[in-house]
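Student: With the sequence up front, the predicted model follows.
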Amino acid sequence: MDAALNSAASALISQSKALSTISTNLANSGTSGYKAVSNQFFDLLNTAATSSTNTSTGGVSVGSRQNVTLGGTITSTTSSTDMALDGNGFFVVSDGTNTYYTRDGDFTTDSSGNLYLSGTNYYLMGWSTNTSGTVTGSETSGTLEKINVNKYSSAQAATTTYSLSANLPADAQTSVNTVSYTNDSGNSETLNYAWVSTGTNSDGNNTYLVSITPSNSSVTLDDGTTSGASQLTYTVETDSDGNIVSVTGTTGNTIGYSGTELPTSITASDNTSSSVDTSAETWSAVKSNSGFSKTSSLAIYDSKGNEEDVPVTWTAAGDNTWVMTVSSPIDSTGSASGTLSDSSGGTTSSYSYSVSFNSDGSLKSITPISEMNGSSISTAPTDSSGNAEVSVYSWNDNSAASTVSLNLGTSGSTSGLTQLNSGLSSPAVTTKSHSQDGYATGTLQSVSVNSSGEIVANYSNNESIPIYMVAVANFANANGLQSLSDNVYKQTSSSGNSVLGEAGANGTGSIKGGSLENSTVSSSTELSTMITAQQAYSSASQVISSSSKMFESLMQVI
């Protein structure tokens with residue numbers, strides 16, 4: 001009877017513990033990320049020797065088993081900072097002293113903008129990223145930091161690249177000034193003269209860039225200082241009356257001129273004749289017929305997020321060649337808002353490029369032009385790939401200096417600049433598309449989480465910028481974690497050390513923003529288990545009651 005009482009007592013104790021586990025599960029049936037705990041019963045045998053004719057009695061003990069790796073159903077919520085792990089892994093949280101882990105994604109922001117587990121003192125941890133979403137440092141525990149959604153309350157970016165697809169009208173080339181001459185073989189040849197105003201210099205004189213291009217591509221030009229050139233360019237400086245003050249070549253050499261005439265001796269050579277001196281063209285005649293020249297603007301952003309307009313003038317120069325002149329940026333009133341810099345870093349009000357096309361209208365080449373800037377030579381800048389640039393030495397609003405690479409297409413391609421007939425009664429430069437990577441200042445409106453675990457800040461300028469990467473931890477034995485209050489876990493020797501990484505990589509699950517993982521508790525299962533525990537508890541009570549009556553009977557016999 002003693003053995004029976006001991007067995008029944010152990011049953012009462014074990015079933016009471018089991019009922020406590022069931023009660024805890026039911027209480028957390030609505031707790032996000034909670035993992036149901038199940039009971040395990042173990043029989044207890046006494047150590048007395050037994051035989052086939054004797055029954056060994058002992059009792060029962062109970063233990064609990066957690067199934068942390070079991071995933072719960074994921075449901076959408078109305079909070080953009082909620083998140084759920086769909087697959088393996090744990091969110092990494094910290095109380096400021098120690099690191100813990102949780103499947104509960106019910107995160108909200110405190111007064112400083114830090115994301116924390118709602119109702120607790122555990123803060124969500126992650127790594128800072130650049131605007132492309134790439135973690136800026138190593139993905140280790142030592143580089144983890146609190147995720148603060150107010151890290152960038154506003155966002156703006158200076159333009160660094162600008163892509164332009166546009167057509168320069170081939171039919172505009174017919175309006176170029178021409179000078180005809182007869183070569184030694186008696187054949188008629190033509191030189192094309194084009195000009196573009198490049199502003200005023202420090203003396204207050206007007207400056208112009210004049211280009212001379214042969215229509216016959218096999219012809220080369222020689223002005224006495226430059227030979228074998230496919231195009232000659234000059235900086236022409238005139239006084240307020242329009243009289244020529246100086247004519248300067250691309251290498252800084254002063255070219256002889258007479259009165260109002262441009263260079264008086266330009267020698268043209270082709271494959272069938274010896275050199276021929278062409279007739280000099282007067283500046284007044286060239287300037288009186290400006291040919292085709294149109295100015296458009298490239299809208300870029302400085303480092304403060306202010307939009308700036310950069311005027312670009314397209315001047316037809318003949319022989320499938322154009323002069324592209326970049327001028328100092330202007331503001332909404334038309335006043336200069338910045339100062340350009342040339343290839344050597346010197347300041348200038350404008351610089352130019354020679355843009356040539358193939359016979360099929362595809363881009364052939366873009367070449368920087370050198371011209372005089374006061375007493376020094378100024379050459380248009382290019383980037384490391386040879387692309388034309390908008391290089392701003394300084395802005396009037398004290399923004400940082402800007403360098404914008406211009407993607408105008410590649411040689412032999414029609415994806416950027418082209419030269420095709422416009423089909424219009426009046427030729428026009430037609431912009432097909434343009435794009436750039438800068439944007440105006442925007443204020444923070446909201447944050448969201450994507451499947452890669454990026455915390456994305458959404459701004460009023462319609463820009464969405466990744467600012468953090470949520471850290472995800474994996475364990476060799478996740479069921480070996482120690483469960484603590486507030487639905488968090490602590491690393492143990494049984495679980496092994498955490499392995500940190502990004503969501504969706506190396507076996508970790510993806511993250512669903514605006515969602516929560518439901519508890520894995522099944523109320524119907526728990527109620528069924530509770531009934532079983534109640535019946536077992538009642539039966540054990542009956543054993544004790546029966547044993548008590550048997551003791552009473554024995555005592556009456558005595």
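Tutor: Thanks, I have it. Numbers count the residues shown, from 1 in each chain.
Student: just how off-centre is stretch 377-393 within its chain?
Tutor: Chain-centre distance of stretch 377-393: 25 Å, with C-alpha atoms, centre = their mean, to the nearest Å.
Student: what about it, how long is it end to end?
Tutor: From its first residue to its last, stretch 377-393 covers 17 Å (C-alpha to C-alpha, to the nearest Å).
Student: Buried residues, it. List them.
Tutor: 377-383, 387-393 (16 or more other C-beta atoms under 10 Å). (Glycine included, C-beta is placed from N, CA and C.)
Student: number of nearby residues for the nearest residue to residue 412 once chain neighbours are set aside?
Tutor: Leaving aside its sequence neighbours, residue 412 sits nearest to residue 362 (C-beta to C-beta, 6 or more residues apart in numbering; 5.4 Å). Residue 362 has 19 neighbouring residues, counting by other C-beta atoms under 10 Å.
Student: in this protein, which spans are helices?
Tutor: Secondary structure of the chain by DSSP state H: the helices cover 2-27, 283-288, 523-557.
Student: mind checking how far the residue nearest to residue 453 when sequence neighbours are not counted is from residue 94?
Tutor: Excluding its sequence neighbours, the residue lying closest to residue 453 (C-beta to C-beta, 6+ apart) is residue 503, at 3.5 Å. For residue 503, the distance to residue 94 equals 18 Å [C-beta to C-beta, to the nearest Å].
Student: lowest-pLDDT helix or strand in this structure?
Tutor: strand 273-277 (a mean of 64; mean pLDDT, DSSP states H and E).
Student: just to revisit the earlier point, quick one: which of residue 503 and residue 94 has more around it?
Tutor: Applying other C-beta under 10 Å to residue 503 and residue 94 shows that residue 503 carries more neighbours, namely 25 against 17.
Student: For the more buried one, give me the pLDDT.
Tutor: Per-residue confidence (pLDDT) for residue 503: 93.
Student: if I pick residue 497, what's in contact with it?
Tutor: The contact partners of residue 497, taken as C-beta atoms under 8 Å, 6 or more residues apart in numbering, are 475, 491.
Student: tally of neighbours for residue 507?
Tutor: By the criterion of other C-beta under 10 Å, residue 507 has 12 neighbours.
Student: And it, how far from residue 499?
Tutor: Distance from residue 507 to residue 499, by C-beta to C-beta: 9 Å.
Student: any common contacting residues for those two?
Tutor: The contact sets of residue 507 and residue 499 overlap at residue 474 (C-beta under 8 Å, 6+ apart).
Student: Now do the domain split for the chain, please.
Tutor: What the record gives for the chain is the domain set 2-67+520-557, 74-158+442-517, 159-176+291-437, 178-290, from automatic domain parsing.
Student: Check those domains for me: which has the lowest mean pLDDT.
Tutor: Among the domains of the chain, domain 2-67+520-557 scores lowest, with a mean of 68.
Student: With adjacent residues omitted, what lies nearest to the residue positioned nearest the centre of the chain?
Tutor: Nearest to the geometric centre of the chain sits residue 132, at 2.9 Å (C-alpha atoms, centre = their mean). Of all residues not flanking residue 132 in the chain, residue 466 sits nearest, at 7.2 Å (C-beta to C-beta, 6+ apart).
Student: List the residues that contact the one you found.
Tutor: 129, 130, 131, 132, 133, 454, 455, 456, 457.
Student: Can you flag the buried ones in those?
Tutor: Applying 16+ other C-beta under 10 Å to the contacts of residue 466 flags 129, 133, 454, 455, 456, 457 as buried.
Student: wait, isn't the fifth one in contact with residue 463?
Tutor: When you say that, I think you mean residue 456. No: Residue 456 lies out of contact with residue 463 (C-beta atoms under 8 Å); the separation is 10.1 Å.
Student: joint contacts of these two?
Tutor: In contact with both residue 456 and residue 463: no residue, using C-beta under 8 Å, 6+ apart.
Student: Name the nearest residue to residue 467, ignoring sequence neighbours.
Tutor: Nearest residue to residue 467 in three dimensions, chain neighbours excluded: residue 457, at 5.1 Å (C-beta to C-beta, 6+ apart).
Student: Also residue 130?
Tutor: Closest to residue 130 by C-beta to C-beta, 6+ apart is residue 136, at 5.7 Å.
Student: Same check on residue 432?
Tutor: Of all residues beyond its chain neighbours, the one nearest residue 432 is residue 165 (4.3 Å), with distances taken as C-beta to C-beta, 6+ apart.
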